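Engineer: let's see this in three dimensions:
(chains A and B)
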Amino acid sequence: MIAHLLSAFFIVGNSMFSKFLSVASLMAILVSLLGVSGCDSKPLEIAKAVKSFDTDQQRDAHVADMRKNHMDRLMHKRDQTMHEGVRTPKYSLKACIDCHVPAPTESKVVRHTDPEHFCATCHAYVSVKIDCFQCHADHPDKPATAAASNILLNNNLKIATENTSTEAVAK
Amino acid sequence: MSNKMNQNDGVNGNINSYRRKFMAGVAGLATVVTVAPGVVLRQVQAKDPAEAVTDKKRWGMLIDTNKLTDGGDACIAACKKEHGWGDEKLSSNEQDAQWIRKVKVTEKLTKNETVLPVMCQHCDTAPCADVCPTGASFKRADGIVLVDKHICIGCRYCMMACPYKARSFIHETLIDQRPDTPRGKGTVESCNMCVNRVDAGKNPACVDAAPQAMLFGDLNDPESDISKALKEYGGTQIRADLGLNTGVRYWGI
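Structural biologist: Below you'll find the model as predicted:
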């Protein structure tokens, strides 16, 4: 801006300087106003995760990795789960949703069409339209059933570990 | 089990310790859990979730129609609850999803009626997977036939190819799907043998809803209940003439 003003000052003679100065100053004010409004935008408010990491380092690594790579991670896991039956919680879309989208309450169900939905917040901001939720559940199960399935899951894990231990004995 | 034996230790310590080891071995092999006297649960061994499925197993199902007194209504209700289908508000009767349907067969001469639940038969040589232009219909290594809806283009060729009319097409926008069963407009779906439950070491929902009439297990394992039952009494495939080597077998039809 200042460079423009200076160059304009050298090109235009002194006679036209006053008129030019008035126009230029008006433009400068307008442009600076634009700049101010641009700087004023707040970072997106993203819904807080339900679970928390053990350490801050783990959390920061997760955030940094996911910001850049979530699409690749999900795509890779998608094919592994679908075709090979790999069902670890890491990079599973269901695990993402369980942690990042609040469970439905009596009064409120957060869906992917709502701006406060974890995925929708950024996707709407950058005008990305992803069709995951045309098929996938966009919010966790209702609390009661979710709790029940968690118990089942834990039991299964327990059974799985018991099985491996008895196998070891049998061998 | 072993606690009880510990208490009985004493006089014949050697015999008991031998027996204990033997029982531990048996328990390790078959994972038999005794809940109450006379009630024995046989847990299908859960696979390691990080492990890919292999063709060492082939999952199968045996349905005894004589013992399905309701013709499979309980199974269908359990399936709907597990996978969330059957609530398509905008679809007509012809368009509605049908993961399992009740089929009534009447013999022309005797008028003898048989009702059987028919779902995806999880064929070894699945015609749906054969005709799929994108590879969305496929048979998993452990014999479960699935639709990969990520790459399904909704052409419905598989629906035409399936001799069991086991597949449905979703005609309307859906919300609130079950977390373990993604399903959406424009894709084909069918019974997935509750692949999410099977991977977690559980029985399919229909089998749990009618345990008196249905068996689920590994057809490749000669020691599994289903293999033993089929070896002893055989089992009928629907349209066996097509030579599809189905994973679902029937008794009483």
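
Engineer: C-alpha only now, for contacts and for neighbours.
Structural biologist: Noted.

Engineer: now do the SS call for the closest residue to B:Leu215 other than its chain neighbours.
Structural biologist: Counting by C-alpha to C-alpha, 6 or more residues apart in numbering or on different chains, B:Leu62 is the residue found nearest to B:Leu215 once chain neighbours are left out, at 5.1 Å. At B:Leu62 the chain is in strand, as set by DSSP: H, G, I helix; E, B strand; the rest coil.

Engineer: tell me the pLDDT at B:Leu62?
Structural biologist: On pLDDT, B:Leu62 comes in at 97.

Engineer: same check on the one 10 residues further on?
Structural biologist: Per-residue confidence for B:Gly72 comes out at a pLDDT of 93.

Engineer: can you tell me the SS state at B:Leu215?
Structural biologist: Per three-state DSSP, B:Leu215 ends up strand.

Engineer: ok, now how distant is it from chain A?
Structural biologist: 20 Å (C-alpha to the nearest C-alpha, to the nearest Å).

Engineer: show me the contacts for that residue.
Structural biologist: Shown in contact with B:Leu215 (C-alpha atoms under 8 Å, 6 or more residues apart in numbering or on different chains): B:61-63, B:207, B:225-226.

Engineer: quick one: which of those residues is nearest to chain A?
Structural biologist: The shortest approach to chain A among the contacts of B:Leu215 belongs to B:Val207, at 17.3 Å (C-alpha to the nearest C-alpha).

Engineer: next, the closest one: secondary structure please.
Structural biologist: Strictly by three-state DSSP, B:Val207 counts as helix.

Engineer: spatially nearest residue to it, not counting backbone neighbours?
Structural biologist: Per C-alpha to C-alpha, 6+ apart, closest to B:Val207 is B:Met214, 5.4 Å.

Engineer: burial count for that neighbour?
Structural biologist: When counting by other C-alpha atoms under 10 Å in any protein chain shown, one arrives at 22 neighbours for B:Met214.

Engineer: what pairs with it across the strands?
Structural biologist: B:Ile63 (DSSP bridges).

Engineer: could you check how far it is from B:Gly235?
Structural biologist: 12 Å (C-alpha to C-alpha, to the nearest Å).

Engineer: what segments of chain B are strands?
Structural biologist: Assigned by DSSP state E, the strands in chain B fall at B:32-36, B:39-42, B:59-64, B:100-106, B:113-119, B:137-139, B:145-147, B:168-169, B:188-189, B:214-218, B:248-251.

Engineer: below-threshold pLDDT in chain B: ranges please.
Structural biologist: Applying pLDDT under 70 to chain B flags residues B:1-45.

Engineer: one more time with 90
Structural biologist: Across chain B, residues meeting the criterion (pLDDT under 90) sit at B:1-50, B:69, B:71, B:87, B:253.

Engineer: where exactly do the helices run in it?
Structural biologist: B:2-8, B:13-30, B:73-83, B:127-131, B:157-161, B:195-199, B:205-209, B:225-233 (DSSP state H).

Engineer: just for chain A, where's the confidence low?
Structural biologist: A:1-52, A:89, A:105-107, A:115-116, A:129-130, A:141-171.

Engineer: domain assignment for it?
Structural biologist: Following automatic domain parsing, chain A resolves into domains at A:2-39, A:56-140.

Engineer: much appreciated, bye for now.
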